[in-house]
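Student: Could you look at this predicted model? Sequence included:
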Amino acid sequence: MKTQLLTALSISALFLVACGPNEAEVAAAKAQATADSLAVVAAAEHAYTIDPSTAKVTWKGVMLGVKQHHGVVKLSDGNATVKGGQLQSGSVTIDMASINSLDSAYAADDAKEGTRAMLLGHLASPDFFDVATYPTATFTITSVEGNTATGDLTVKGKTNSEKVTDLVVTEGEGTVSITGKLSFDRQKYGVAWSSGAKDMVLNDAIELTVELSGTAQ
């Protein structure tokens, strides 16, 4: 009787092992569960606060097509919402008083004209960005399609719809990096010399390259 019982138990155990999932099936199930979990996380909407200290907004202006100046401007604050790896919404505030130049296409510091200090002073003057009256500029996203974000750019109190192209959004563990390009016509914002002849020297297009990083809220 005891032998028969042991035999029956052995057959049952073999049957359970034979009918249960093998190691490959268990591993596949675990991999699928992990993939499903990651997919849920990736598809979730995340809100980020942009870090002004690490943000980099580079500007470029061209004179007569042969000479150009470029530099950087800092952010005061910013935010972004990302879902499924795609930018959904966001806005940034630019500190116009932080405009700086990085190129070397200037006359010596003691020259009567064409110095770096003169350019920066001119950019801050009412002829250009009138920083004393309009200390900030803003960009607020209104829609996103593919790798292009459309938004409202406000400079010198004037608002126009502009596009940020070549968007690249990369999410990490609680972090995000966003890069893109924006080119706008300065004339639409009253960024121009009062003298028409001098104003014709500078290309109307001002190009911006944006590099942002932020942390989850």
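Tutor: Yep, that arrived.

Student: burial of residue 210, as a residue count?
Tutor: As a burial measure, residue 210 scores 20 neighbours (other Cβ atoms under 10 Å). Using the backbone N, CA and C atoms, a C-beta is placed for each residue, glycine as well.

Student: Mind listing what's buried along the one helix or strand it maps to?
Tutor: Using DSSP states H and E, residue 210 sits within strand 205-216. Residues of strand 205-216 classed as buried: 206, 207, 208, 209, 210, 212, 213, 214 (neighbour count, 16 or more other Cβ atoms under 10 Å).

Student: in its sheet, what does that strand sit against?
Tutor: The strands that strand 205-216 pairs with in its sheet are strand 45-50 (antiparallel), strand 56-63 (antiparallel), strand 175-185 (antiparallel) (by DSSP bridges).

Student: give me the number of residues near residue 204?
Tutor: Residue 204: 16 neighbours (other Cβ under 10 Å).

Student: whoops, residue 75 was the one
Tutor: Neighbour count of residue 75, defined by other Cβ under 10 Å: 21.

Student: Report the contact partners of it.
Tutor: For residue 75, the contacting residues are 50, 52, 55, 57, 92, 93, 94, 95, 212, by Cβ atoms under 8 Å, 6 or more residues apart in numbering.

Student: Helix or strand with the lowest mean pLDDT in this protein?
Tutor: Least confident helix or strand of the chain, by mean pLDDT, DSSP states H and E, is helix 2-19 with a mean of 50.

Student: Please confirm that residue 134 is located within a helix.
Tutor: No. According to DSSP: H, G, I helix; E, B strand; the rest coil, the state of residue 134 is coil, so it is not within a helix.

Student: Please tell me I have it right and it contacts residue 96.
Tutor: Yes. If you go by Cβ atoms under 8 Å, residue 134 and residue 96 touch, sitting 6.5 Å apart.

Student: before we move on, back to that, and the furthest pair within the buried residues of strand 205-216?
Tutor: Greatest spacing in the buried residues of strand 205-216, by Cβ to Cβ: 206 and 214 (24.6 Å).

Student: For the residue nearest the centre of the chain, which non-adjacent residue is closest in space?
Tutor: A centroid search over the chain (Cα atoms, centre = their mean) returns residue 178, at 2.9 Å, as the residue closest to the centre. Nearest residue to residue 178, sequence neighbours excluded (Cβ to Cβ, 6 or more residues apart in numbering): residue 212, at 4.5 Å.
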